[in-house]
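Colleague: structure here, sequence nowhere to be found:
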């Protein structure tokens with residue numbers, strides 16, 4: 001009986017090690033590395049007549065997603081910007097809290113009949129949206145010019161995908 005439990009313990013330890021190894025491989029392959037606990041989110045906005053561009057400079061994580069959420073909700077609920085376009089060019093990493101923030105902003109925009117789009121996604125952020133199938137929900141563009149020229153599309157349209 002002791003041999004069996006020692007064998008089971010070893011098997012459980014091995015399985016745990018395998019899961020940790022696989023998680024590490026996944027993270028290195030898909031996320032490059034674990035993000036630092038940075039709260040240095042830099043958000044700037046600029047209006048150009050057609051839309052309000054939100055430039056996001058930093059990884060968007062659990063630690064700083066509330067700042068992005070606040071900025072987006074202010075534009076959509078308080079200022080009632082007709083179209084909000086989020087510049088993701090300087091975002092290396094986005095976690096589930098960051099994705100949830102974008103989904104919430106999209107829902108508020110859709111309910112208020114306002115436009116909402118993203119552009120400049122790197123391969124990791126794009127892969128996260130593809131895996132969650134949100135790439136079909138958001139209007140996603142490669143460049144700012146494409147996002148601005150897509151301003152005539154309905155914000156709930158999935159045909160805005162241009163990446």
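Modeller: Perfect, I can see it now. Since this is a predicted model, take the numbers as computed values, not measurements. Numbers count the residues shown, from 1 in each chain.
Colleague: for residue 48, list the residues it contacts.
Modeller: For residue 48, the contacting residues are residue 148, by Cβ atoms under 8 Å, 6 or more residues apart in numbering. Bear in mind the C-beta positions are built from the backbone N, C-alpha and C, glycine included.
Colleague: please tell me how far it sits from residue 105.
Modeller: 19 Å (Cβ to Cβ, to the nearest Å).
Colleague: the chain: helices as residue ranges?
Modeller: 2-26, 65-73, 96-111, 123-131, 144-149 (DSSP state H).
Colleague: lowest average confidence across the ones you listed, which one?
Modeller: Of all those, the minimum mean pLDDT falls on helix 2-26 (a mean of 43).
Colleague: ok, and what's touching the longest strand seen in the chain?
Modeller: When the chain is parsed with DSSP state E, its longest strand is strand 83-90. Here strand 83-90 makes contact (Cβ under 8 Å, 6+ apart) with 50-58, 72, 75-76, 94, 102, 105, 109, 114-122, 125, 144, 147-148, 151, 155.
Colleague: at 6 Å instead, please
Modeller: If you take Cβ atoms under 6 Å, 6 or more residues apart in numbering as the criterion, strand 83-90 is touched by 51-55, 57, 75, 115-118, 120-121, 147, 151.
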